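# fold the following and give me the result.
(one chain, ligands or ions: 2)
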Amino acid sequence: MYYDSVETLERGELENLQVDSLKKTIAIAMRSPYYRDRLAGFDLDEIKSVADIVKLPFTTKDDLRSQYPYGLLTLPREDYVRLHASSGTTGTPTAVFYTQADLDRWADLVARSMYACGCRKSDVLQNMAGYGLFTGGLGFHYGSEKLGMITIPAGAGNTKRQIKLIRDFNVTVMHIIPSFALYFASQVREAGFDPAEMPWRIALIGAEPHTEETRRKIEEMLHIKAYNSYGMSELNGPGVAFECTEQSGMHIWEDAYIPEIINPETGEHVEEGEIGELVMTTITREGMPIIRYRTRDLTRFIPGQCPCGRTHRRIDRITGRADDMMILKGVNIYPMQIEQCLMSMPEVGHNYLIELYKEGLTDQMRVKVEIKDEFFVEDMRVLQGLQKKIAKRLHSEILITPRVELVMHDSIPKSPGKAIRVKDLRNEE
Ligand code: AMP
Ligand code: ZN
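Ligands and ions are numbered 1, 2, ... in the order given. This is a model prediction of the structure:
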């Protein structure tokens, strides 16, 4: 059961399609001031196979920023109907423009993604992502309508109202940010409802890095199946790569994107199955095509065929962004290593915060960990034992011993949007 026959296209045919679409994309891109310059003199005949994509230059986030706001547009401004922007908290944002045809194709990719993990026309979807410049709101909204589901634009936050809508309208699918899903689960219980009795069956979770342990926790706490969804504004938004019901990696929709995985230092392709930086080329966008975009997201191709029969390659869950790497005492550490460790411990609740601070001249790490109520006892010795246990576990994973601070359930501030996992206080304390 597939949404589109292209999902099972034989690899050779899929690659032929990619070559054709790539050539068209290059020709279209050259109409924008940026790529006209960047690709000046490039001969389309140089592209004979997908592998020839390496002849093209990379595009970085800084390149996009330098073109803010209009430098990447390929058409007159009146041909565009929508604008989104990336969630970057610092510096110039990157603006993304869509024509109506781009929006239609995007909605189709999102609908296809939702279908792959079991959503059907008869489902009711509650979209708990923020509506606004963030693509998770409108992106899921139009995809869901395209699939034919009743779509509730609940937006982020206001847990009480979310629960009421879910119960009143028998919501079967939720789109929710993973870090918020755990908080939401405990709110549902606190409001006196048993998650097992709720009408939902599917949670679409994505937009931020999270571990397999977190997914399992969400599934257990909400009594739901949770599917990983990957996307970014520069590549439309959601609907770039999505899990199917196998839950073993996310299919990248290769009729719409050409994915590559490179060594971020050398820019060369890594060996099959190795982790590196995901590089993506859009091959169906007319308004703002992007060529060899350095996403900064780290992942790997999962070797082999998915049992679901889709031929589009799968990527592993994102282990983090190249920019997320912290270096402490000469050791490279990613926040997801810490999350993986914490979320596998039964005493740990659903939130944590990593703080970097200075002690004298050296950088130190403090990890604040929410502890489940039943483990938050008055006996100091027990708590200290737990603190030590967590520190030891973390040491075995990240090779340094951070200071561990146990805090109460739901005491770390929580936003309904993307979670901030690391606070850098090195210039403040
Ligand atoms: P934005 O364009 O502001 O929505 O941010 C896109 C970024 O969010 C991506 O580059 C990733 O770093 C992150 N992201 C989105 N989806 C996922 C996911 N499923 N797993 C991990 N990170 C994700
Ligand atoms: Zn599959």
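
# residue 377 falls within a strand, correct?
No: Residue 377 sits outside any strand when classified using DSSP: H, G, I helix; E, B strand; the rest coil, being coil.

# let me see the contact set for it.
Going by C-beta atoms under 8 Å, 6 or more residues apart in numbering, residue 377 touches residue 383. C-beta: built from backbone N, CA, C; applies to glycine.

# so residue 108 sits right up against residue 146, yeah?
Yes: shown here, residue 108 and residue 146 form a contact pair, counting by C-beta atoms under 8 Å, at 6.2 Å.

# which parts of stretch 18-26 are buried?
18, 19, 21, 22, 23, 25, 26 (16 or more other C-beta atoms under 10 Å).

# same check, this time on stretch 94-113
Applying 16+ other C-beta under 10 Å to stretch 94-113 flags 94-99, 102-103, 105-113 as buried.

# one step back: which of the buried residues of stretch 18-26 lies closest to ligand 1?
residue 25 (20.2 Å; C-beta to the nearest ligand atom).

# next one: phi and psi at that closest one?
Main-chain torsions, residue 25, degrees, to the nearest 10: phi -60, psi -40.

# now do the contacts for it.
Counted by C-beta under 8 Å, 6+ apart, residue 25 has contacts 281, 282, 283, 284, 285, 289, 291.

# quick check: bridge partners of the second one?
Right, the one you point to is residue 282. Beta-bridge pairing of residue 282 under DSSP bridges involves residue 257.

# are the least confident helix or strand in the chain by mean pLDDT and ligand 1 in contact anywhere?
Between all helices and strands in the chain, the lowest mean by mean pLDDT, DSSP states H and E belongs to strand 320-321, at a mean of 86. Yes: using C-beta under 6 Å from any ligand atom, strand 320-321 reaches ligand 1 at residue 321.

# what's the answer for stretch 107-122, then?
No: contact of stretch 107-122 with ligand 1 (C-beta under 6 Å from any ligand atom) is absent, the minimum separation being 11.3 Å.

# start the count at 44 instead of 1 going forward.
Happy to do that; since the first residue is 44 now, the last one works out to stretch 150-165.

# mind checking how far that stretch is from the chain centre?
17 Å (C-alpha atoms, centre = their mean, to the nearest Å).

# filter the buried residues of stretch 137-156 down to the ones in helices?
Among the buried residues of stretch 137-156, the members found in helices (DSSP state H) are 145, 146, 148, 149, 150, 151, 152, 153, 154, 155, 156.

# nearest spatial neighbour of the first one, chain-adjacent residues omitted?
Closest residue to residue 145 in three dimensions, ignoring its sequence neighbours and counting by C-beta to C-beta, 6 or more residues apart in numbering: residue 330, at 5.0 Å.

# which ones are touching the one you found?
Taking C-beta under 8 Å, 6+ apart, one finds 116, 117, 118, 122, 123, 140, 141, 142, 144, 145 in contact with residue 330.

# surely residue 419 touches residue 452?
Yes: taking C-beta under 8 Å as the definition, residue 419 is a contact partner of residue 452 at 7.1 Å.

# what strands line up against the lengthiest strand in the chain, and which way round?
Ranked by residue count and defined by DSSP state E, the top strand of the chain is strand 391-402. Applying DSSP bridges to the sheet, strand 391-402 is found paired with strand 405-414 (antiparallel), strand 465-467 (parallel).

# send the alpha carbons of it over as CSV?
Taking C-alpha atoms only, strand 391-402 is exported to CSV below (Å, rounded to 0.1, in the frame of the first residue of the first chain):
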residue,chain,number,x,y,z
VAL,A,391,15.0,9.7,34.9
GLY,A,392,11.9,11.7,34.1
HIS,A,393,11.4,13.5,30.8
ASN,A,394,13.6,16.5,30.7
TYR,A,395,17.2,17.5,31.1
LEU,A,396,19.4,20.5,30.5
ILE,A,397,23.2,20.6,29.8
GLU,A,398,25.0,23.7,31.1
LEU,A,399,28.5,24.7,30.2
TYR,A,400,30.3,27.0,32.6
LYS,A,401,33.7,28.1,33.6
GLU,A,402,35.5,27.1,36.8
